[in-house]
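S.K.: Need a 3D model of the sequence below.
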Amino acid sequence: MVLPHLDAAYNFARYLTRNPDDAADVLQDACIRAFRYFNGFKGGSVRTWLLTIVRNTAYSWMANHRRGTVAGPVEDYGIERPLEPFAAVPWERLPDDPETRLMLAEDRAALMDVIDRLSPEFREVLVLREIEDLSYREIAEITAVPVGTVMSRLARARRQVQDGWRRHVALEGGGR
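M.R.: Numbers count the residues shown, from 1 in each chain. A predicted model of the protein is given here:
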């Protein structure tokens, strides 16, 4: 039941921890918790249930392992990686032109940096809605806040991403 949702769980953990190694540790701990407490699963969406466990595990893990430190930006968004999860089309269907590929990879890295700079409560709702395509209700269930709060945080996150992207474009000399 959980296997089809492991990619989403890892991606969510990666965005929360901002570190691929920490995300793997969080996912492992979350899977152990999910297995241990599976009898407590009351039905409904397995994906929502698993992402709730990942979220809670990530915050507990970070509190225990990062005392006195603040996580920096994720370092695994380099240009060597494919454009997933933001690619609308598979990598093979992107332009063959190396310059265009480089520009897309640079833009992707800049967007990831903008998202990484969001506060955790804004970053988590943005990732759950825009990348994992969850409903407001599902996000509210995962984050344990009312739907109105989810909507407000999402609007603010989108505005901050838009402002961050505008600053990036201005620094790049007006964009492409």
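
S.K.: Mark out where each domain of the chain begins and ends.
M.R.: 1-73, 84-176 (automatic domain parsing).

S.K.: Just name whatever secondary elements the worst-scoring helix or strand of the chain on mean pLDDT is in contact with.
M.R.: Using mean pLDDT, DSSP states H and E, helix 98-116 stands out as the lowest-scoring helix or strand of the chain, at a mean of 85. Applying 3 or more CB pairs under 8 Å, 6 or more residues apart in numbering; DSSP states H and E, one finds that helix 98-116 contacts helix 120-126, helix 147-171. (Glycine included, C-beta is placed from N, CA and C.)

S.K.: returning to what we had before: can I get the domains of the chain in TSV including mean neighbour count?
M.R.: Formatted as TSV, the domains of the chain follow (neighbours: other CB atoms under 10 Å):
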stretch	mean neighbour count
domain 1-73	16
domain 84-176	15
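
S.K.: residues contacting the nearest residue to Arg137 once chain neighbours are set aside?
M.R.: Counting by CB to CB, 6 or more residues apart in numbering, the nearest residue to Arg137 once its immediate chain neighbours are dropped is Val147, at 6.1 Å. Val147 is in contact with 136-137, 140, counting by CB atoms under 8 Å, 6 or more residues apart in numbering.

S.K.: Please apply the same query to Val2.
M.R.: Contacts of Val2 by CB under 8 Å, 6+ apart are 9, 31, 34, 46, 50.

S.K.: out of everything not next to it in sequence, what's closest to the fourth one?
M.R.: Put plainly, it is Val46. Using CB to CB, 6+ apart, the closest residue to Val46 is Met1 (4.9 Å).

S.K.: The one you found and Asp133, how far apart?
M.R.: Separation of Met1 from Asp133 (CB to CB, to the nearest Å): 19 Å.

S.K.: same thing with Val54?
M.R.: Counting by CB to CB, the gap from Val54 to Asp133 is 16 Å.

S.K.: And Val147, what's its pLDDT?
M.R.: Looking at Val147, its pLDDT reads 98.

S.K.: if you skip the residues just before and after it, what's nearest to Thr52?
M.R.: Ile142 (4.7 Å).

S.K.: try Arg47
M.R.: Spatially, and ignoring its direct neighbours in sequence, Arg47 is nearest to His5 (4.6 Å; CB to CB, 6+ apart).
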